[in-house]
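[1] could you work out the structure for the sequence below:
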Amino acid sequence: MNAALKHWKEAATVILAAKTRHSQSCDSLQRSGEVAPACRGTCLPHKSAFDYEVLLLKRSGTSGFMPHAYVFPGGLLEPSDFSSEWTDLFKSFRTLPRFGVAMVKQPPETRPPIFATNRLKLGSPVPGDVALRICAVRETFEECGVLLVLPSPVNGVSADDETQKSDSNSSQLLLTTMPAQWDKNEIAKWRSLVIKNSSNFIRMCRELQCIPNIWALHEWGNWLTPTGVYEKQRRYDTAFYMCCLEDMPDTIEDEKEIVHFKWSTPSEILHGFQNREFWIAPPQFYDLGRMCHFHSLSDLHRFARQRAVEGCERWLPIILVATDCLISLLPGDSLYPENVDYSGKTTSTMPTEKCLEELQKESCNLHRIVKRDPYTVSVHINIMPKYKHVPPLISSATDCHLKSHSKL
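    Next up is the predicted model:
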């Protein structure tokens with residue numbers, strides 16, 4: 001783990017999308033005329049436009065960070081995620097860069113530190129991106145019981161053979177999350193053990209002869225928690241991954257940190273949030289808006305897999321306190337500071353005596369999340385996203401005139 005981080009804790013999260021049970025394809029629904037148009041007063045597609053749903057987990061009210069919020073599965077990196085024992089379990093892949101995870105085109109000097117930090121110099125033989133993916137798989141298993149694993153490579157199978165197989169499978173959706181022959185009571189027992197001690201995840205994989213499916217997770221983004229936003233000033237440097245499942249898995253709360261789960265389409269979640277049915281944080285709001293471009297799971301998976309090799313940008317929102325709203329400035333915005341303090345020592349909040357309308361008029365480049373109250377949120381963007389990403393669809397009726405100029 002990166003001991004140099006004093007103000008942020010490293011974490012990993014998974015945006016888990018799964019094919020809707022008994023759903024028709026988007027094409028067949030469109031041909032039959034069953035796809036309803038976008039709801040009146042919004043720029044979002046109707047929920048029936050999607051053939052997949054996304055998993056959100058409701059945090060406990062006693063949680064020290066974003067209590068009651070609906071979040072994607074994920075959590076903190078643990079020392080066990082960097083354990084040298086993983087090199088034995090991944091022995092067919094350990095001679096390959098990043099254990100066979102697709103190489104990223106982004107130059108190392110521009111990579112977010114959470115991905116670029118040399119973990120070997122910090123004492124771990126496990127590459128950082130691999131450990132982050134192991135963390136994401138482990139935390140998903142702990143929080144909701146979804147186990148993203150593959151059978152361990154059999155003896156005699158070369159790393160090259162397995163890598164070719166992984167590359168071949170990566171063009172398809174992940175078909176299953178857990179071998180059917182496994183006893184559910186046995187898995188429940190292991191889950192309890194892993195919740196108590198993260199190092200038991202290594203033991204479980206060894207005894208069940210499986211490995212975390214690090215290749216099914218596609219790099220999506222990197223968000224840092226700004227100062228002055230959440231109670232107790234807990235701050236996280238979080239790697240976001242996308243994972244697509246052909247079959248919707250069984251899901252169960254851990255009855256500790258997570259008290260409820262919800263499978264819904266991206267637009268359905270955003271509508272529910274705007275209707276004050278539940279609360280989601282700005283990163284979830286933004287990334288669900290991105291997913292609204294992709295109505296079919298196959299299109300989402302294809303985009304996520306191809307885009308992941310481009311890399312991503314580190315985003316530390318700078319909070320601008322205007323007279324009538326809070327604005328989270330993101331990189332590329334005209335008002336985003338040129339020199340951002342990523343050490344975390346200084347505040348990332350700035351006051352202004354201007355209102356939103358004034359700030360909009362004097363900014364030629366927009367990349368901001370505007371919050372008038374906890375549930376009235378909109379994204380304003382007219383710049384081309386970096387690393388071949390897509391902007392979120394504008395999700396507030398009052399802001400539909402702010403069309404993105406990005407070409408998808």
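[2] then the longest helix along the chain to CSV, C-alphas only?
    Identified as the longest helix of the chain according to DSSP state H is helix 128-144. Coordinates of each C-alpha in helix 128-144 appear next as CSV, following Å, rounded to 0.1, in the frame of the first residue of the first chain:
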residue,chain,number,x,y,z
GLY,A,128,-0.8,-1.9,-8.3
ASP,A,129,-3.5,-2.3,-11.0
VAL,A,130,-3.7,-6.0,-10.1
ALA,A,131,-4.0,-5.3,-6.4
LEU,A,132,-6.7,-2.7,-7.1
ARG,A,133,-8.7,-5.3,-9.1
ILE,A,134,-8.2,-7.9,-6.4
CYS,A,135,-9.5,-5.4,-3.9
ALA,A,136,-12.6,-4.6,-6.1
VAL,A,137,-13.4,-8.3,-6.5
ARG,A,138,-12.9,-9.0,-2.7
GLU,A,139,-15.0,-6.0,-1.6
THR,A,140,-17.8,-6.9,-4.1
PHE,A,141,-17.9,-10.4,-2.6
GLU,A,142,-17.9,-9.1,1.0
GLU,A,143,-20.6,-6.5,0.4
CYS,A,144,-23.1,-8.2,-1.8
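[3] list the buried residues for whatever helix or strand comes next after that helix?
    Helices and strands here follow DSSP states H and E; after helix 128-144, the next one along the chain is strand 149-151. Counting neighbours by 16 or more other CB atoms under 10 Å, one finds that the buried residues in strand 149-151 are 149-150. Heads up, the C-betas are built off the backbone N, CA and C, glycines and all.
[4] which other helices and strands does strand 149-151 contact?
    strand 210-212 (3 or more CB pairs under 8 Å, 6 or more residues apart in numbering; DSSP states H and E).
[5] what strands line up against the strand it packs on, and which way round?
    Here strand 210-212 is paired, per DSSP bridges, with strand 149-151 (antiparallel).
[6] this structure: helices as residue ranges?
    Using DSSP H, helices in the chain cover 26-32, 85-89, 113-116, 128-144, 159-169, 184-196, 200-208, 266-274, 282-291, 297-308, 356-361.
[7] so which of these is nearest residue 392?
    helix 282-291 (2.5 Å; CB to CB).
[8] sketch out the low-pLDDT regions of the protein for me.
    Scanning the chain for pLDDT under 70 picks out 1-7, 22-42, 61-65, 154-181, 228-233, 254-255, 394-408.
[9] what residues are up against the residue nearest the centre of it?
    The centre of the chain sits closest to residue 240, judged by CA atoms, centre = their mean, with a distance of 3.3 Å. Going by CB atoms under 8 Å, 6 or more residues apart in numbering, residue 240 touches 13, 15, 72, 219-223, 283, 287.
[10] name the nearest of the residues you listed relative to residue 205.
    Using CB to CB, those come closest to residue 205 at residue 13, 20.5 Å.
[11] so what's that closest one closest to, chain neighbours aside?
    The spatial neighbour of residue 13 that comes closest, neighbours along the chain excluded (CB to CB, 6 or more residues apart in numbering), is residue 74 at 2.8 Å.
[12] for that neighbour, give its distance to residue 291.
    From residue 74 across to residue 291, the span is 16 Å (CB to CB, to the nearest Å).
[13] with residue 322 instead?
    28 Å.
[14] cool, residue 117 as well?
    28 Å.
[15] more crowded one of these two?
    A side-by-side neighbour count of residue 117 and residue 291, using other CB atoms under 10 Å, places residue 291 first with 26 against 19.
[16] can you count the residues close to residue 354?
    For residue 354, using other CB under 10 Å, the count is 14.
[17] next, give phi and psi for it.
    phi -100, psi 160 (degrees, to the nearest 10).
[18] ok, and what's touching stretch 104-119?
    By CB under 8 Å, 6+ apart, stretch 104-119 touches 2, 10, 82, 126-129, 131-132, 219, 222, 237-239, 308-314, 342, 387.
[19] 6 Å instead?
    Identification of contacts with stretch 104-119 by CB atoms under 6 Å, 6 or more residues apart in numbering yields 2, 10, 128-129, 222, 237, 239, 309-311, 314.
[20] with stretch 213-233 instead?
    So stretch 213-233 is contacted by 64, 112, 114, 130, 133, 148-150, 166, 174, 235-243, 283, 304-305, 308, 312, 314-317, 319, 347-349 (CB under 6 Å, 6+ apart).
[21] name the residues of it that are buried.
    Quick answer for stretch 213-233 (16+ other CB under 10 Å): 213-227, 229-230.
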